[in-house]
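>>> Build the 3D model from these lines:
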Amino acid sequence: MDTHDLTIAEAAHRIEAREVSPVELTQAYLDRIDRLDPEINTFVTLTRERALDDAARAEADIAAGRYRGALHGIPVSIKDSLATAGVRTTAGAKHLSDWIPDEDATVVARLKEAGAVILGKTNMHEWAAGCTTINPYYGTTRNPWDRNRVSGGSSGGSAASVAAGLALGSIGTDNAGSVRNPASLCGVVGLKATYGRVSRVGGVAGTGGYSTDHFGVLTRTVRDSALMLQAIAGPDPKDPLSSDAPVPDFGALLGEGVAGLKVGIIRDYFDDLAVDEVKEVVADAVKLLESLGMSVQELPVPYMEHVPMVQLVTARAENLSPAEPFLRTRPRDYSPGLMNRQILALTLPAHAYVTAQRVRRLICEAFDRAFEQVDVIVSPAVSMPAETIEECEQGYVESAGGRILLSDARGTRGTLCTIPFNVTGAPAVSVPCGFSSQGLPIGLQIAAPHFQEPALLLVAHAYEQAAGWHGRRPPVGWEPAP
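Below you'll find the predicted structure:
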C-alpha cells in the first residue's frame, strides 16, 4: 500500500468503508519506516508489536460494529517528551535514556480511547530546548525535503514523520513554537490550540514552561488537525491549568466561505525578522486571502518589542525548577550548551520574572484589543527556510544581504515569529504557503482570539484549499545522505 499521499480523513473513510484494514495500514507504515527512517531518523523508539496488536484490536472492534470515529485504526506518532505507559520516554535527554513511565500522558490516553494506533516515539531537541532537533544523544532528524538540512524543533521528529509519510499524524509540544516551527520547515500543518484547551498532564517536567507550553498536533491537512484536536481537547481533572471551556466541533466550519472576515498584519515586528524570500511568499498568501473576500488591516500592537524578553525569562525560569535536581546530581549529562544555559537560568533574579509577568499582561491586553478589530492575524511562521545542519552548528547563515545570526540577545531566530502566541496563549497554526528558490517549504502562521479554534481552522482550511501547497510531497526513496 502506498501511504505517501494519504490523509487521516481519507484513511478513515477507507477504514470505515472496510476498503482497508487497520492492520494493513499499520503494516504499510511500519514497512515504510523500515525503509526510510534510517536516513532521516524520526523515531527514537518504534513500538512495532504494540502497534500491530492495537491495529488488530481496532480491526476486530470495527468488524463488530464498534467504530469509534475518524482516528480508529489510524497510525500516529508521539513526541518523546510525552509519557507512554510501558514505553521508554527520553525527552531527548541522556538523563532519561532508560525511563519507562507507568502511565500515559492524557493526550496519549485520549488518542488510545479514540482508537488511534501509536507507532512509536519521535526524536526531539534535547529537553525540548531548541529548534533544530540536532540531538547529541539520539542523532539529528533530517528534513525530508533536503536531508542536509534540519527538520526544526523541538518537535522535529514529529513533523518529519508526517512529512515523510511515516505517520498520518503526530503529537508535539510547543513552548516557543516547537510545533509550528518544524511544521513550517517540513511543509506540514502544525496547530497549537488555546492555552488550557489541551491537557499537559504527562509531559516531561522541564521540557516547557508551565505557563507558555502547549501540546499540539502535526498533520498533512487542516481537516486532519481538526480531527486530532477533537480527540485530545477538553478539561482534565488532573490538570489544574486545563480549561473547562466547552469543546466545540472544530471542523464544523470547514468549507464555509471566509468573505467578510478581517485579516490583521503586524508589520514592524515580523518584517524585521523575515528574510525577503519569506516576506514575498507571505505577501502572496495575504493576497490570496484577499481574493477569497477577506479584508486586510495593518495593526499597531504596542509592546511587541518586549515579547522575546517575556518569553525567555518566563520559560527559562519555569523550566529551571524541575531541572535543578539534575543540575545538582548529573550536570555532565547535559550537552555543554544546554548546561551553560541552565546555569545562566539560575542567575535570573525573582524581580525579573515578576517584571516579565507584568509586561506580559500588557502584551496580552494589547492583543485582546487587536483581535477586537480583526478575526485573525497572519505572519510568517518562521523567518527563513530550513538551515543546513552545518549552518546550525556554526551559528549563522551567509546570505546576499550579509551574515544572519541564528540566535542573539532576543533568543533563537527560529522561534521569534511564533513566541507572541505562546506569551498570549492564543491559538495559532502554521500552514504551507509556498516554497523557497531552493525548493524548501515556507509556512504561513495564522492566529485567532482565545478559544476561537473553529474560526482559525476555517481560515486556515480556506487558504490551504485555495493555495494547494499541501498537495506537494518531499522526494521519497532517497539514497543514503552524503
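
>>> so what's L327 up against?
With contact taken as C-beta atoms under 8 Å, 6 or more residues apart in numbering, L327 is in contact with 334, 339, 342-343, 346. Any C-beta I mention is one placed from the backbone N, CA and C, and that applies to glycine too.

>>> Quick check: W469 touching G434?
Yes: checked against C-beta atoms under 8 Å, the pair W469 and G434 is within contact range at 6.2 Å.

>>> Identify the contacts common to the two.
With C-beta under 8 Å, 6+ apart, W469 and G434 have common neighbours P441.

>>> Strands along the stretch 351-482 of the chain, start to end?
For the stretch 351-482 of the chain, the strands defined by DSSP state E, counting those that start in this stretch cover 376-380, 396-399, 402-405, 407-408, 411-412, 428-435, 441-447.

>>> Can you mark which positions in stretch 435-442 are buried?
Residues 435-436, 440-442 are the ones in stretch 435-442 that count as buried (16 or more other C-beta atoms under 10 Å).

>>> would JSON lines of these with distance to D268 and pLDDT be doable?
Output for the buried residues of stretch 435-442, formatted as JSON lines (distance: C-beta to C-beta, whole Å; pLDDT from 0 to 100):
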{"residue": "F435", "distance to D268": "27", "pLDDT": "98"}
{"residue": "S436", "distance to D268": "24", "pLDDT": "97"}
{"residue": "L440", "distance to D268": "26", "pLDDT": "98"}
{"residue": "P441", "distance to D268": "26", "pLDDT": "98"}
{"residue": "I442", "distance to D268": "21", "pLDDT": "98"}
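
>>> now the residues you listed as TSV including distance to L254?
Shown next, in TSV, are these (distance: C-beta to C-beta, whole Å):
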residue	distance to L254
F435	25
S436	28
L440	28
P441	22
I442	23
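
>>> Of the contacts of L327, which is the most crowded?
Y334 (23 neighbours; other C-beta atoms under 10 Å).

>>> pretty sure that one is touching A345, no?
No: Y334 lies out of contact with A345 (C-beta under 8 Å); the separation is 11.9 Å.

>>> Mind checking which of the contacts of L327 are in strands?
Judged by DSSP state E, those include no members of strands.

>>> out of those, which are inside helices?
With helices taken from DSSP state H, the overlap with these comprises 339, 342-343, 346.

>>> What's the separation between the closest residue to S178 other than its chain neighbours and L25?
Nearest non-adjacent residue to S178, counting by C-beta to C-beta, 6 or more residues apart in numbering: S154, 4.2 Å away. To L25, S154 is 28 Å away according to C-beta to C-beta, to the nearest Å.

>>> So which of the two has more stuff around it?
Taking neighbours as other C-beta under 10 Å, S154 and L25 compare with S154 leading, 36 against 24.

>>> Doesn't that one lie inside a strand?
No: assessed by DSSP: H, G, I helix; E, B strand; the rest coil, S154 does not belong to a strand; its assignment is coil.

>>> Please verify my assumption that it contacts A128.
Yes: S154 is within contact range of A128, at 4.0 Å (criterion: C-beta under 8 Å).

>>> Now list whatever residues contact both of these two.
81, 92, 173, 175, 178, 207.

>>> my guess is the second one contacts S155, does it?
Pointing back at G92 there. No: using C-beta under 8 Å, G92 is not in contact with S155, being 10.3 Å away.

>>> Compare these two and say which one has the larger neighbour count.
Taking other C-beta under 10 Å, G92 and S155 do not tie; S155 has more neighbours (38 against 30).

>>> contacting residues around that one?
79, 122, 124, 133, 170, 172-174, 178-179, 182, 190, 216, 218.

>>> Tell me which two of the residues you listed sit farthest apart.
Taking C-beta to C-beta as the measure, the contacts of S155 span a maximum distance of 15.7 Å, between T133 and G216.

>>> Which one's more surrounded, those two?
T133 (35 against 31).

>>> L273: how many residues sit nearby?
Other residues close to L273 by other C-beta under 10 Å number 17.

>>> Nearest residue to it in space, please, no chain neighbours.
S383 (4.3 Å).

>>> One more: V459?
In this structure, V459 finds its nearest non-sequential neighbour in V376, 5.1 Å apart by C-beta to C-beta, 6+ apart.

>>> rewinding a little: any chance of a ChimeraX selection covering the buried ones in the contacts of S155?
The buried residues among those can be selected in ChimeraX (16+ other C-beta under 10 Å) with this line:
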select :79,122,124,133,170,172,173,174,178,179,182,190,216,218
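
>>> could you dump the contacts of S155 to JSON lines with distance to E305, secondary structure and pLDDT?
Output for these, formatted as JSON lines (distance: C-beta to C-beta, whole Å; DSSP: H, G, I helix; E, B strand; the rest coil; pLDDT from 0 to 100):
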{"residue": "K79", "distance to E305": "31", "secondary structure": "strand", "pLDDT": "99"}
{"residue": "T122", "distance to E305": "35", "secondary structure": "strand", "pLDDT": "98"}
{"residue": "M124", "distance to E305": "30", "secondary structure": "coil", "pLDDT": "98"}
{"residue": "T133", "distance to E305": "29", "secondary structure": "coil", "pLDDT": "98"}
{"residue": "S170", "distance to E305": "34", "secondary structure": "strand", "pLDDT": "98"}
{"residue": "G172", "distance to E305": "28", "secondary structure": "strand", "pLDDT": "98"}
{"residue": "T173", "distance to E305": "27", "secondary structure": "strand", "pLDDT": "98"}
{"residue": "D174", "distance to E305": "22", "secondary structure": "strand", "pLDDT": "98"}
{"residue": "S178", "distance to E305": "23", "secondary structure": "coil", "pLDDT": "98"}
{"residue": "V179", "distance to E305": "25", "secondary structure": "coil", "pLDDT": "98"}
{"residue": "P182", "distance to E305": "26", "secondary structure": "helix", "pLDDT": "98"}
{"residue": "G190", "distance to E305": "26", "secondary structure": "strand", "pLDDT": "99"}
{"residue": "G216", "distance to E305": "26", "secondary structure": "strand", "pLDDT": "98"}
{"residue": "L218", "distance to E305": "30", "secondary structure": "strand", "pLDDT": "98"}
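
>>> and which of the contacts of S155 is nearest to P38?
T122 (14.7 Å).

>>> In contact with the closest one, which residues?
42-44, 77-80, 141, 155, 157-158, 160-161, 170.

>>> at 7 Å instead, please
42-44, 77-80, 157-158, 161, 170 (C-beta atoms under 7 Å, 6 or more residues apart in numbering).

>>> For stretch 2-17, which outside residues touch it?
By C-beta under 7 Å, 6+ apart, stretch 2-17 touches 20, 22, 25, 28-29, 32, 62, 67, 70, 72-74, 165, 168-169, 219-221, 223-224, 227, 473, 476.

>>> of those residues, buried ones?
For these, buried by 16+ other C-beta under 10 Å: 20, 22, 25, 28-29, 32, 62, 67, 70, 72-74, 165, 168-169, 219-221, 223-224, 227.

>>> Average pLDDT for stretch 245-259, rounded please.
When pLDDT is averaged along stretch 245-259, the result is 97.

>>> what's the first-to-last distance across it?
28 Å (C-alpha to C-alpha, to the nearest Å).
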